[in-house]
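Novice: sequence and predicted structure are below.
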Amino acid sequence: MRIDPVLVQVRRLRPKRLVPLAVSRRARRFWAATRRRWRRSLQFRVVGITLLLSAALVLAFGYTVASLISQGVLESRINTAKEQISGGATYAAHELEGFTQADDPGLPGKLQTVAGYLATSMDVPGAEVIVMRRGSKPASWPEQSAYQVMNIPAMRPMRQVVGSRPGTYQQIATLDVGMGPRKYLVLGTRVATAGDPVELYYLLPLQSEDELVQFVALVVTVTGIALVALLALIAAMMTRLVVKPVRVAARTAQRLSAGLLDQRMGVKGEDDLARLAAAFNQMAANLQRQIVRLEEMSRLQRRFTSDVSHELRTPLTTVRMAADLLFASREDFDPAAARSAELLQAELDRFEGLLTDLLEISRFDAGFAALDAEPTDLVPVVRRAGERLASLAERCGVPLRVDTPDTEVIAEVDPRRVERILRNLVGNAVEHGEGKPVVVTLAADSSAVAVTVRDHGVGLKTGEEKLVFNRFWRADPSRARQTGGTGLGLSISLEDARLHGGWLEAWGASGKGAQFRLTLPTRSGDRLVSSPLRLVPDDARADETALIGETS
């Protein structure tokens, strides 16, 4: 069997590429976890900020202290060395005052003797002393490295300065005098003699000073780390004292919002946190009393509505029978009595619709509403809702158009409730359409079906798209009403949509009409994610885009 070498090479390279990718993923996860904890934990933020600020402060303080100590030690060493080289120059001038000729045979030996005496008199381990004349071989103590040291590039600028003008000059250089590269303090001065000037150089090792500075830096670093850790620990302990009651309050508030009204915080001590806990408990107790009272009132109201609705059925049936008899015989009455019979019949229809709506609302409130879902073709349901309101639209002078697909739109719904929703939406649109067209549109995708009802009437003001579903709410209570609605239709429609697991939403703009959108899942029990139709109409979106373009 032949194996392609290219494939073998790729397989060998793959593990090498996975290593940095794994490290990168771990780093991203760690960073994401840190950011999430930073956002959610007050204690973590306080400790982190304290740690960062204290670290910056300690770093600046440690750097300042180490710099001052290093500068002080170096200045002390330089001052001492200047005094030593000044004394050495005086001694060398006295010893060399008898030598006036540069070629004096005794001069090299004398220079060597002076260098040895000055080196031993300093009592500094590793110190070097160099004495030399211009153009002659230098003499030093120890003598094995003087020539090499004085001819390295680092020493040339200093030699030029010392040889050209009087005074004491110093520099810090790294030199190798036979024991490896070390940092030295180099001082040089001219020695006045009867003959040519003599140059005197002191090479003083700074090893002890460097060790002292490093020790100080180590002490400052360890102390700073310990101080930062101690400050972080103190910050963690102090913030825990404050954050723990806040966390307890948050958990207690979550339990209260979940309906556990008997939850309370523990009160310990008499400090601010204890007063906060006591105030929180007092607030929770007041809320519990108010909620219990409101629940009792709501329960009594629902029971009253349900009882009254049921109790009114019997007398309403009797009145309905009498009204039907009078309405059927109205042609035998005089005009005033006939008109009264017609008004009685119309008001009984309205009253019966109100009772029906109240009974339906009471069933929703009591949790007794049941969904009889079955696979249903929504095309005839939508068309039937439009047909039943066609006479109302004709009477109001509102053109009504129903747009449905040519194919079936199957969904698991309760057709009675869906048709009731559509009747409420279409009737509401026709009533407020002000003679302008009303369009009903049906569309579907793989997971949801949607119906929109668009009118071009007075529309809704900002914020009213949520209020329209409240019970007995009307945008304009003084508006003349053609249908005599109860004010409960949209509320019942919203409950029917929620019973299906769907959405019922409204959009409106003043003077541009309104659009209601009903979205239902194709399969009963599925969760909605999107809708096949837009809530904001295309013509309204175009107007908003044009307005934005004109403004810009």
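Specialist: Noted; the coordinates are in hand. These figures come from a predicted structure and were not determined experimentally.

Novice: can you name the residues bridging to Pro205?
Specialist: Tyr184 (DSSP bridges).

Novice: how many residues are close by it?
Specialist: 19 (other C-beta atoms under 10 Å). For the C-beta atoms, the positions are set from N, CA and C on the backbone; glycine is no exception.

Novice: and for Phe469?
Specialist: Neighbours around Phe469, by other C-beta under 10 Å: 19.

Novice: who touches it in this structure?
Specialist: Shown in contact with Phe469 (C-beta atoms under 8 Å, 6 or more residues apart in numbering): 490-491, 493-494, 504, 506.

Novice: now, which of the residues you listed sits nearest Ser257?
Specialist: Using C-beta to C-beta, Leu494 comes nearest to Ser257 of the contacts of Phe469, at 23.1 Å.

Novice: so what's the gap between the strand or helix carrying the closest one and the chain middle?
Specialist: Secondary structure assignment for Leu494, by DSSP states H and E: helix 489-499. Relative to its parent chain, helix 489-499 has a centroid offset of 37 Å by C-alpha atoms, centre = their mean, to the nearest Å.

Novice: quick check: buried residues in that helix?
Specialist: In terms of neighbour count (16 or more other C-beta atoms under 10 Å), helix 489-499 has its buried residues at 489-497.

Novice: min pLDDT across these, which one?
Specialist: In terms of pLDDT, Gly489 ranks lowest among the buried residues of helix 489-499, with 81.

Novice: isn't that residue up against Gly427?
Specialist: Yes. At 7.3 Å, Gly489 and Gly427 qualify as touching, with contact defined as C-beta atoms under 8 Å.

Novice: any shared contact partners between these two?
Specialist: With C-beta under 8 Å, 6+ apart, Gly489 and Gly427 have no common neighbours.

Novice: so Ser86 versus Val131, what's the distance?
Specialist: Noted for Ser86: a distance of 15 Å to Val131, by C-beta to C-beta, to the nearest Å.

Novice: my bad, should have said Pro532
Specialist: 103 Å.

Novice: look at the two and report which has more neighbours.
Specialist: Val131 (27 against 19).

Novice: so is the more buried one in a helix, a strand, or just coil?
Specialist: strand (DSSP: H, G, I helix; E, B strand; the rest coil).

Novice: surely it and Thr193 touch.
Specialist: No. Under the criterion of C-beta under 8 Å, Val131 makes no contact with Thr193, lying 10.8 Å away.

Novice: coming back round to it: check which helices and strands the helix holding Leu494 sits against.
Specialist: Counting contacts by 3 or more C-beta pairs under 8 Å, 6 or more residues apart in numbering; DSSP states H and E, helix 489-499 packs against helix 335-366, helix 415-431, strand 503-509, strand 513-521.

Novice: which residues sit against that helix?
Specialist: For helix 489-499, using C-beta under 8 Å, 6+ apart, the contacting residues are 357, 360-361, 364, 369, 371, 414, 417-418, 420-421, 424-425, 427-428, 468-471, 503-504, 518, 520.

Novice: domain parsing for this protein?
Specialist: 99-209, 312-366, 374-551 (automatic domain parsing).

Novice: of the ones you listed, which shows the lowest average pLDDT?
Specialist: domain 99-209 (a mean of 74).

Novice: now that domain: how far from the chain's centre is it?
Specialist: Between the centre of domain 99-209 and the centre of its chain there are 68 Å (C-alpha atoms, centre = their mean).

Novice: would you tell me which one of the helices and strands packed on helix 489-499 is buried the most?
Specialist: Among those, the stretch with the highest mean neighbour count (mean count of other C-beta atoms under 10 Å) is strand 513-521, at a mean of 25.
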